[in-house]
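Asker: predicted model and sequence follow; I will ask about them next.
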Amino acid sequence: MDLKEHIRDIPDFPKEGIIFKDITPLLMNPEAFRSCIAQFVEAYKDKGITKIASSESRGFIFGAVLAHELQAGFVPLRKPGKLPYKTIRQEFETEYSTDAFEIHEDAIEKGDKVLIVDDVLATGGTARAAVYLVEHLGGKVEALAFLIELDFLKGKEKLNGYDIMSLIHY
């Protein structure tokens, strides 16, 4: 299945000059969504993953399903002020903004094998922040999985040394 057929380009969103990759058509298509999940499950089913860490908000869609399928815990990486317990925080830059993620300080245990999942790898700032948070809490990042990778932004360069899987490349 060509997953690119289920991605819609939205020009000038969220600001002028950005071509936003809208994944909602893929999510609305049961076969396309199942295909994504099946590919990720096949890649990571024998890796001993104990936790899936996913970025707010679209990453949650894939991360929660993968946590269920891989029988792993799900760890949300949230925008500041959204988590109710004690947190640690990491700031990052995206292709069009500066932001931060927080994680509960007890979400990752020393030795956890963590798969970081998000919808898009762009500049790598979001993914790098996720790696920092997982490793700061003692987890081992086994791999990072993305639905889409925007190769021209070279985000992968910020993640040298990590196993990265992207299903769609632009």
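Answerer: Structure received.
Asker: mind listing the helices in this structure by residue range?
Answerer: Along the chain, counting by DSSP state H, helices occupy 24-28, 30-44, 58-70, 125-136.
Asker: tell me the buried residues in the longest one?
Answerer: It refers to helix 30-44. Of the residues in helix 30-44, those buried under the neighbour-count criterion (16 or more other CB atoms under 10 Å) are 32-33, 35-36, 39-40, 44. C-beta coordinates here come from the backbone N, C-alpha and C atoms, glycine included.
Asker: just checking, what packs against that helix?
Answerer: With contacts defined as 3 or more CB pairs under 8 Å, 6 or more residues apart in numbering; DSSP states H and E, helix 30-44 has these neighbours: helix 24-28, helix 58-70, strand 140-149, strand 164-169.
Asker: most tightly surrounded among these?
Answerer: Mean neighbour count (mean count of other CB atoms under 10 Å) peaks for strand 140-149 among those, with a mean of 22.
Asker: partners of that strand, with directions?
Answerer: strand 113-121 (parallel), strand 164-169 (parallel) (DSSP bridges).
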